[in-house]
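**Q** got a structure for you, letters missing:
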């Protein structure tokens, strides 16, 4: 007899199902089938209570329409029949909704339900949800029917509790695996940071490795960064560079770039509603975090799901933040290393330049002597000029240059305040012009004569692409200006190059003074040699003049003797000798005056 009781048969069958390793959804569906069959009802469903929202949501049902499911889902405690069952934790039976309108609800009227019985799903004294059965006809649910529902509810409560425990265990294991995966990739990124040769290769490694760390392996990763004046873009193998350029989000640029700055993380699931651009890219889900260096957002790491919606885990957000910090540290370290290498290269260049300048003996050779070394250290520099102030004319004159036709540039005479060099000489402070527009503005007051000379000397250019001018200052004060220019877009000079060029200017001004002193020393030496030669010449002439002078004095004295009478012939001969010797003496004196 017992075996033919449909309710006992259902309980026995459900007990066996609960003990099987089946999915909870399968257990609940089988339980509702057994219940509807045993009680001969048209409608049965199970709602579980969401601990966070405290709402009842239908997780399994049979014999009811879609409209009914929508209306009995998202029910708060105390709302509707199921809400009252869950809130009170007690069974509720309605034999005829028409007879008890205060208990009727629109949800039951959808399928013309007239009768309802609901029992709480319990486990360990806690209400987990509600199981409800209903019929389109008024009916009386007996005590046995209610006991059957409570017994079924007890078994379902155990099944739900076991499922929740299994879910928590699985979730813990899943999160543990995610944590291990997160630590693994962070370790790989850290190790790569130690061996990567540059920012580009490091970002490429990160972009390639990121998709494998996501829970959904079809993720697309894009990393964009701007550091030290260079821009970098890296992406995973699953996307080409043109698509990566469309996907990348630059902090502060565009709608999403500004949102990224404001929110610190960008997490959107339906970006097509935000921007038509993302519809064209087939992007459905996105997770982006900024890359911040010294408080400034210089780039971003983005993970995208194309054509599939996928919610990101908190662990994945933390992972991207951790990698972002790794990238920021690498960029900072790379910048320091690059700066150290640059400084070392500059020091080496200054040493080589100082050796080269020592051998230069004239002003015109100064700038050509440094051209080669300067090009290796500072590639943008294609031309340079040394201008010195002429106190006699009050103007700046070109004394040496490279990259220009010196023969033509030498004709340039700049007034104080005129063009680049004149402005810097007047202010006594170095200046940098980083764009052609800035350079053209600084050269706007050049005279037509000087502008023509510059254009011819530079091969037809109106102005350089960029320029740096440094005043030359020595003990006596300002003596001139040295300029460095980029001419044909081989790169542009910037303020970062100024310290090196200032140090170079100091070497130049020292050698300008050295060459001037050398020239003065040579002039002094030449004058001393001339004086010595003149003294020797005077001594020699004095020796030579003694002979005719002695002869003149001798014959003159003889003619003046009173006790001697000279005949006319002897007197005439002596006077002729005196005249000849005087003429010779006069010629010697003339030679001395002309020497």
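**A** Alright, I've got the coordinates. Quick caveat: nothing in here was measured; it's all calculated off a predicted structure.

**Q** what ranges in the stretch 351-500 of the chain fall below the confidence cut-off?
**A** 489 (pLDDT under 70).

**Q** burial measure for residue 351, as a count.
**A** Residue 351 is flanked by 12 other residues according to other CB atoms under 10 Å. C-beta: built from backbone N, CA, C; applies to glycine.

**Q** can you map out the strands along the stretch 151-300 of the chain?
**A** 220-227, 230-235, 266-268, 283-293, 296-306 (DSSP state E, counting those that start in this stretch).

**Q** now those strands in a markdown table, with mean pLDDT, mean neighbour count and distance to residue 394?
**A** Listed next are these as a markdown table, based on pLDDT from 0 to 100; neighbours: other CB atoms under 10 Å; distance: least, CB to CB, whole Å:
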| stretch | mean pLDDT | mean neighbour count | distance to residue 394 |
| --- | --- | --- | --- |
| strand 220-227 | 86 | 24 | 47 |
| strand 230-235 | 89 | 18 | 45 |
| strand 266-268 | 71 | 18 | 63 |
| strand 283-293 | 86 | 23 | 50 |
| strand 296-306 | 88 | 22 | 48 |
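
**Q** distance to residue 83 added to these, as JSON lines?
**A** Shown next, in JSON lines, are these (distance: least, CB to CB, whole Å):
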{"stretch": "strand 220-227", "distance to residue 83": "44"}
{"stretch": "strand 230-235", "distance to residue 83": "50"}
{"stretch": "strand 266-268", "distance to residue 83": "32"}
{"stretch": "strand 283-293", "distance to residue 83": "34"}
{"stretch": "strand 296-306", "distance to residue 83": "36"}
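
**Q** residue 476: which of these is closest?
**A** strand 230-235 (43.3 Å; CB to CB).

**Q** may I have the strands that pair with that closest one, each with its orientation?
**A** Sheet partners assigned to strand 230-235 using DSSP bridges are listed as strand 220-227 (antiparallel).

**Q** residues in contact with the partner strand: which ones?
**A** 199, 203, 206-208, 210-211, 231-236, 238-239, 244, 247-250, 291, 293, 298-306, 327, 331, 334-335 (CB atoms under 8 Å, 6 or more residues apart in numbering).

**Q** buried sites along the one helix or strand residue 581 maps to?
**A** Element membership of residue 581, judged by DSSP states H and E, is helix 568-594. By 16 or more other CB atoms under 10 Å, the buried positions in helix 568-594 come out as 574, 577-578, 581, 584-585, 588.

**Q** ok, stretch 309-318 next?
**A** 310, 312-313, 315-316.

**Q** same check, this time on stretch 373-393
**A** 373-374, 377-378, 380-389.

**Q** among the residues you listed, which are in helices?
**A** 373-374, 377 (DSSP state H).

**Q** can you redo the buried residues of helix 568-594 as JSON lines with pLDDT?
**A** What follows is the buried residues of helix 568-594, written out as JSON lines (pLDDT from 0 to 100):
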{"residue": "574", "pLDDT": "76"}
{"residue": "577", "pLDDT": "81"}
{"residue": "578", "pLDDT": "80"}
{"residue": "581", "pLDDT": "77"}
{"residue": "584", "pLDDT": "78"}
{"residue": "585", "pLDDT": "75"}
{"residue": "588", "pLDDT": "73"}
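
**Q** which of those sits closest to residue 322?
**A** Closest to residue 322, out of all of the buried residues of helix 568-594 and judged by CB to CB, is residue 588, at 102.0 Å.

**Q** could you point out which of the strands of the stretch 151-300 of the chain sits nearest residue 369?
**A** Taking those one by one with CB to CB, strand 230-235 is closest: 32.1 Å.

**Q** contacts for that closest one, please.
**A** 199-200, 203-204, 206-208, 220-226, 241, 243-245, 247-248, 299.

**Q** next one: stretch 195-213
**A** 181-182, 184-185, 188-189, 192-193, 217-223, 225, 227, 230, 232, 234-238, 301, 303, 316, 319, 323, 326-327, 330-331, 334.

**Q** also stretch 511-529?
**A** Contacts for stretch 511-529 (CB under 8 Å, 6+ apart): 357-358, 360-363, 366, 386, 388, 472, 474, 479-480.

**Q** try 10 Å this time
**A** 353-354, 356-358, 360-366, 369-370, 386, 388, 399-400, 472, 474-476, 479-480, 482 (CB atoms under 10 Å, 6 or more residues apart in numbering).
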